[in-house]
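Participant: no FASTA, just this:
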């Protein structure tokens, strides 16, 4: 009886160690594979791979941080300051896939910049202008790389 139980346990252990293939989540047809590809890495002198952001990825990360701070200032009723000129690099920054810098992206980038400029020009309606800028981000990322959508949507001011 002990041998049967032992055989059963060993068999279960071996079966549970098999790697099962999990189905991958389907991507939207409109989001290109290249737009959300893993970032390029570079090996340093010790052989370690280091993440290397494109200009656009770095700019968008900076815009996210800036907008997070701006959101807090708007909520607290503080001064919004002045328009960050580095946002204008959105028109020229190098992307992971240069073909993604198409008419759609350019239109969304323009809408984002216009909303941001309006926010600083009309701080009395900062919340509405801020949310319009976030709308431009969301609309673009719904069509392009959807990865950061959850983070972006958290920026909205209710």
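Facilitator: Nice, I can see it. These numbers come from a predicted model, not from an experiment.
Participant: Need the phi and psi values for residue 101.
Facilitator: The phi and psi torsions at residue 101 (degrees, to the nearest 10) take the values phi -80, psi 60.
Participant: all numbers from here: first residue = 37
Facilitator: Happy to do that; since the first residue is 37 now, the last one works out to residue 137.
Participant: Which residues are in contact with the residue lying closest to it once chain neighbours are set aside?
Facilitator: Distances taken as Cβ to Cβ, 6 or more residues apart in numbering put residue 131 closest to residue 137, at 5.6 Å, once the chain neighbours are dropped. To be clear about C-beta, it is placed using only N, CA and C from the backbone, and glycine gets the same treatment. By Cβ atoms under 8 Å, 6 or more residues apart in numbering, the residues touching residue 131 are 90, 91, 92, 137.
Participant: pLDDT weak spots in the protein?
Facilitator: Scanning the chain for pLDDT under 70 picks out the ranges 37-82, 87.
Participant: need the helices for it, in chain order.
Facilitator: 38-52, 91-112, 139-157, 162-179, 185-189 (DSSP state H).
Participant: Give me whichever of these is most buried.
Facilitator: A comparison of the helices of the chain by mean neighbour count, using mean count of other Cβ atoms under 10 Å, puts helix 162-179 on top with a mean of 19.
Participant: now that one, how far from the chain's geometric center?
Facilitator: 13 Å (Cα atoms, centre = their mean, to the nearest Å).
Participant: what's the distance between the residue nearest to residue 137 and residue 95?
Facilitator: Residue 131 is 10 Å from residue 95, where distance means Cβ to Cβ, to the nearest Å.
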